[in-house]
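> Pasting the sequence and the predicted coordinates here, then a few questions.
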Amino acid sequence: MQDGYYLSTYLHIGTLDYLYETCIRHDPNMALFHKMGSRIKLVRYWELERFTGMKQHRQSFFNRDHAVNVINELLRPLGLTMDDMEEIWGTPGLSTCEDYHSLSDYPGLAYHSISHLFSAVMSDSRLFYGENIIGLAVDGIPDDVIDREVGKKSFFAGCVVRRGELELFPVESPGPLWDWASSRFKLREGTLMALASACESEAPDQNLHLPPITDGSFNIWEQEYLRPLLESVHTLMEQESEGNSAALDPRFTRQENEISMVMKQVQAESISIMEKNVEAVLGRYGLSPGDTYLALAGGYALNCPTNSHLMDKYGFKGFIAPPCVNDSGLSLGMGLYAFYRKMSPQRFRFQLGHAYHGSSGKTLEEVLGAGTFEGCIGKVSPIRYRRAVEDLIRSPLIWYDGAAEIGPRALGHRSLLGDPRRQKTKDILNDIKSREWWRPVAPIILEEQTQRWFGQDQASPYMLHTYTVQDGMRELVPAALHLDGTARVQTVSGRGPAKRLYKLLRQFQETTGVPMLCNTSLNDKGEPIIQDVEEALHFALVKGIPVAYIDGLRVELLNHDRYKSRWGNRPYTRSISFELFNLRERQEITRLHNPCGIPDDVLKFYKERIERSGITRYDISNPADARRLTREVNYIRQSRGTRNRLKYNNSD
């Protein structure tokens, strides 16, 4: 391989998919690498949702030109274009070669899962080549854009690495269970996880004991295993409504109690699946957990209680995962697998190191110079940490610092921070973000204080572990804990790019005796995390936040009401728009690409569910095929066996 820049892309191009907003790939992202000899460096990482404002950004690019224009706009601050890349990987229509993926190397395993695996096991090459690692990619339904035969494969991959020697194999995943629950209850997985632990309703004593979840046939088992769980919960709820409410938590609604009961069982079954994975690998390969690292990736790796449970139960030597463990990390894994494959047998050096590989955006000076916030900005002064602590004690504040963190969780560079010593702080933060009262906010703590406050030596820099606060400490930090006394902890050390945050924590400890702060992501409900300074200032003004710290500068905000009267609650317009056409143009283009006038809902269903399942393919420009397709979709919708017929469904 030549030295130079390499671009790994997890994107999708499709004209009809753009027009009908079918979900082919969600959470699209790009990773820019630089190769110099055997050393690989991650230069920049982009998650498209941060730039378009569309949560999980599910819309495809209209055509190649559209994709190229957006990519070049993202590359522009680095003085680069796509023409400067040695190779581009990951997206049909953009890829410049076909020797980067795993299709021929591991024909029985989903490329999607192998990419997840490499985002974790190769995130520090020193560990990959020098230690023992068990890797598990535990996600929901895999992507098929490159891997067109994925419906015939094992969806989920695991691996054992012994000092650079790699062996891959199929594993089970709890991910489809959470996909099912999210679809059933119309809530995101993180909300379901929080509700399961926050609400103290008593779940019915019913173990699911699901068959192995290794591929898309999981949908077939919904009727036999999951429906009885829903029915037993419903029966219990009916009994409680007749006068005996001992099993319900009165703080929560009836629906929240019901969801919590179901999710307690789902969580228990999920942990059982993960234990089965771990014990099978330990037994098969004769590994000792004390000499082995556990590496996790895939959306289920965001389940902090499970991560901590596995570490505590088995006593692994250490934990490996990137901050972008879900699909937002796929371009990282795709790129690392490509280097591993194409540079073999040479060993390469790579270390992710930290979470702060996103874009920095404009400077505060540039933003204020544009005049958008004229009359709303008071004094701007260099940070003084004692003053910052005083600000925190008075009110939550915005903390915006340099390059954005990557992944779905705010890790101190795009954060709302607050004083954890008052329960009111959590209420204020949830009100700012328009969230339910019971939603937890996470503590961000000095790494060296984690043992004293949570009894844990394991660092958690990417907020991927749940710890229980020590006895006698709970009443000191009520706002930073879940209702059950646990917390999704982020640890911060004095090393790396989060130095200002570390100094703030040290000063807060010196002033109050508490080495932690409340930390939640800088975004409103339904929005991605804020990317740029303009968005942060707008958020502060709309939400009534008096002070923001921007790249080491203290910014006072003024005239919030006047600003809000102009903007209302509208989010600030992000830097990239996906609206290419006005309504009339869009209608004309749609007619051109759907000449038979297939109903929109039918065509969307076909693109998301039938075409990708490999069951049947239609020529939508052919009138006879268009009629057959409409009949087929209507039949599937009316059939009670819809999920059974569609073994592979990537729309969730």
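In hand now; what should we look at? Residues are numbered from 1 along each chain as shown.
> how about the strands in the stretch 51-200 of the chain?
85-89, 132-137, 157-162, 165-170 (DSSP state E, counting those that start in this stretch).
> How about the stretch 551-652 of the chain?
553-557.
> any weak-confidence spans in it?
Within the stretch 551-652 of the chain, the stretches with pLDDT under 70 are 612-616, 640-652.
> on that earlier part again, deepest of the strands of the stretch 51-200 of the chain, which one?
Of all these, strand 132-137 has the most neighbours on average by mean count of other Cβ atoms under 10 Å, namely a mean of 27. Every residue, glycine included, has its C-beta placed from N, CA and C.
> Quick one, grab the pLDDT at Lys525.
Here the pLDDT value assigned to Lys525 is 90.
> Just to be sure, it is in a helix?
No. Lys525: not assigned to a helix; according to DSSP: H, G, I helix; E, B strand; the rest coil it is coil.
> So it is in contact with Ile432, correct?
No. Between Lys525 and Ile432 there is no contact under Cβ atoms under 8 Å: 9.9 Å.
> More neighbours: which of those two?
Ranked by neighbour count (other Cβ atoms under 10 Å), Lys525 and Ile432 place Ile432 first, with 21 against 11.
> Just give the closest residue to the more buried one, not the sequence neighbours.
Lys543 (5.0 Å; Cβ to Cβ, 6 or more residues apart in numbering).
> Quick check: the gap between the one you found and Met261.
34 Å (Cβ to Cβ, to the nearest Å).
> neighbour-wise, which of these two wins?
Set Lys543 next to Met261 and count neighbours by other Cβ under 10 Å: Met261 wins out with 27 against 19.
> So which elements touch the host helix or strand of that one?
Assigned by DSSP states H and E, Met261 belongs to helix 254-285. Applying 3 or more Cβ pairs under 8 Å, 6 or more residues apart in numbering; DSSP states H and E, we find helix 254-285 packed against strand 132-137, strand 157-162, helix 175-185, helix 189-198, helix 227-241, helix 304-314.
> Recalculate using a threshold of 6 Å.
Contacting helix 254-285 under the criterion 3 or more Cβ pairs under 6 Å, 6 or more residues apart in numbering; DSSP states H and E are the following elements: helix 175-185, helix 189-198, helix 227-241, helix 304-314.
> Out of the ones you listed, flag the one nearest Thr52.
helix 189-198 (21.0 Å; Cβ to Cβ).
> outside of the closest one, which residues touch it?
If you take Cβ atoms under 6 Å, 6 or more residues apart in numbering as the criterion, helix 189-198 is touched by 178, 181-182, 259-260, 263-264, 267, 438-440, 482-484.
> Geometric centre of the chain: which residue is closest?
The residue lying closest to the centre of the chain (Cα atoms, centre = their mean) is Pro408, at 3.8 Å.
> who's in contact with that residue?
Applying Cβ under 6 Å, 6+ apart to Pro408 gives no contacts.
> my read is it is in a helix, agree?
No. Using three-state DSSP, the secondary structure at Pro408 is coil, not a helix.
> where does it land on pLDDT?
96.
> how close does it get to Ala479?
Using Cβ to Cβ, Pro408 is found at 22 Å from Ala479.
> With Ile545 instead?
Distance from Ile545 to Ala479, by Cβ to Cβ: 17 Å.
> again with Leu7
42 Å.
> likewise Ser272?
33 Å.
> now do Asp524
Asp524 is 20 Å from Ala479, by Cβ to Cβ.
> Name the residue in those two with the higher neighbour count.
The neighbour count for Asp524 versus Ala479, taken as other Cβ under 10 Å, is higher for Ala479 (22 against 17).
> For burial, what's the neighbour tally of Glu189?
Glu189 has 20 nearby residues by other Cβ under 10 Å.
> Which stretches in the stretch 1-150 of the chain count as helices?
15-20, 48-52, 64-75, 111-121, 125-130 (DSSP state H, counting those that start in this stretch).
> for the fourth one, packing partners?
Helix 111-121 sits against strand 132-137, strand 157-162, strand 292-297, helix 330-343, with contacts defined as 3+ Cβ pairs under 6 Å, 6+ apart.
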